[in-house]
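Q: Have a look at this prediction, sequence included:
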Amino acid sequence: MFEDSLFGSMPSFIQAYLLEKPQIRENVLKLIQTIQSYSSDIRFDSYTSYSQDNVSKQIVFAKYDKQGQVPKDKICAVFSYDYGLNYTTGKLSLQVYLPIVEINPRTYKRTKKVDGIYVETNDFVKMTELRDLNYTFYKNLGLPLRYPLKTPEIDETFYSFEDYYINYRKYMKSRQKLRPVKHSDFTSVEEVVKMALEDWSVR
């Protein structure tokens, strides 16, 4: 079975977590299969980072250069396993990389960039929320949630990432070759992953 071979190719920390969470194992492996089968250019590496209270172990799916480095715009998805003081039972989370409008909390200046967006989900099937850096600043600092988009065809400010990216994909010349996305696509983790893979393919 592909699941067994795929499971065996994963880093040990992912294997250990999925063995403890059989209810999400198939769902997570299906997402990883979707990512890896999208392009032969996509491969993964694992990393560990430490903070004062927590440890984060990541699998980064991206197009790596010959030196094994990867710029953010070449990343398509990241699975993170966090544990420590703030995650006493351990938590597996998913980020997809898409174009966002980042706000500097000191200057209020907004710049376009590709960055990770957290996909909130309990089962890795249904998506409950997307959290980009804008949303985090909005929740924690009360900064306005705004996503300006300016092209020859449109000059408008949106008030959610979902609305912004639907129109970004519609009006940005580099994204017009991709299929249109709609609000219902943002309810499925698999659809959001596919969305990120398609966007990655034109970056």
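A: Looks like it arrived, so ask away.

Q: Buried residues in the longest strand seen in the chain, which are they?
A: Using DSSP state E, we find that the single longest strand of the chain is strand 87-103. The neighbour-count criterion (16 or more other CB atoms under 10 Å) identifies 87, 90, 92-101, 103 as the buried residues of strand 87-103. (Glycine included, C-beta is placed from N, CA and C.)

Q: which secondary structure elements does it contact?
A: The criterion is 3 or more CB pairs under 8 Å, 6 or more residues apart in numbering; DSSP states H and E, and the helices and strands that strand 87-103 contacts are helix 12-20, helix 22-38, strand 75-84, strand 110-120, helix 133-141, strand 147-150, helix 161-171, helix 189-200.

Q: quick one, it and strand 75-84 angle?
A: Following axes from the mean of the first three to the mean of the last three CA atoms, to 10 degrees, one obtains 140 degrees for the angle between strand 87-103 and strand 75-84.

Q: Report the mean per-residue pLDDT for strand 87-103.
A: The average pLDDT for strand 87-103 rounds to 94.

Q: Check stretch 26-39 too.
A: Per-residue pLDDT values across stretch 26-39 average out to 97.

Q: Enumerate the positions of that stretch that are buried.
A: The neighbour-count criterion (16+ other CB under 10 Å) identifies Asn27, Val28, Leu29, Lys30, Leu31, Ile32, Ile35, Tyr38 as the buried residues of stretch 26-39.

Q: wait, doesn't the third one sit right on Glu3?
A: It refers to Leu29. Yes. Checked against CB atoms under 8 Å, the pair Leu29 and Glu3 is within contact range at 5.3 Å.

Q: Distance check, Gln52 against Tyr165.
A: Between Gln52 and Tyr165 the distance is 34 Å, computed by CB to CB, to the nearest Å.

Q: More neighbours: the two, which one.
A: In this comparison of Gln52 against Tyr165, neighbours counted by other CB atoms under 10 Å, the higher total goes to Tyr165 at 26 against 6.

Q: isn't that one right up against Val181?
A: Yes. At 7.1 Å, Tyr165 counts as touching Val181 under the criterion of CB under 8 Å.

Q: any shared contact partners between these two?
A: Residues touching both Tyr165 and Val181 by CB atoms under 8 Å, 6 or more residues apart in numbering: Met195.

Q: and the closest residue to Gly116 other than its chain neighbours, what are its bridge partners?
A: Leaving out its chain neighbours, the residue that sits closest to Gly116 by CB to CB, 6 or more residues apart in numbering is Gln95, at 3.8 Å. Per DSSP bridges, the residues bridged to Gln95 are Val78, Tyr118.

Q: Lowest mean pLDDT among the helices and strands of the chain, which one is it?
A: When the helices and strands of the chain are scored by mean pLDDT, DSSP states H and E, helix 2-9 comes last with a mean of 86.

Q: For that one, buried residues please.
A: Residues of helix 2-9 classed as buried: Phe7 (neighbour count, 16+ other CB under 10 Å).
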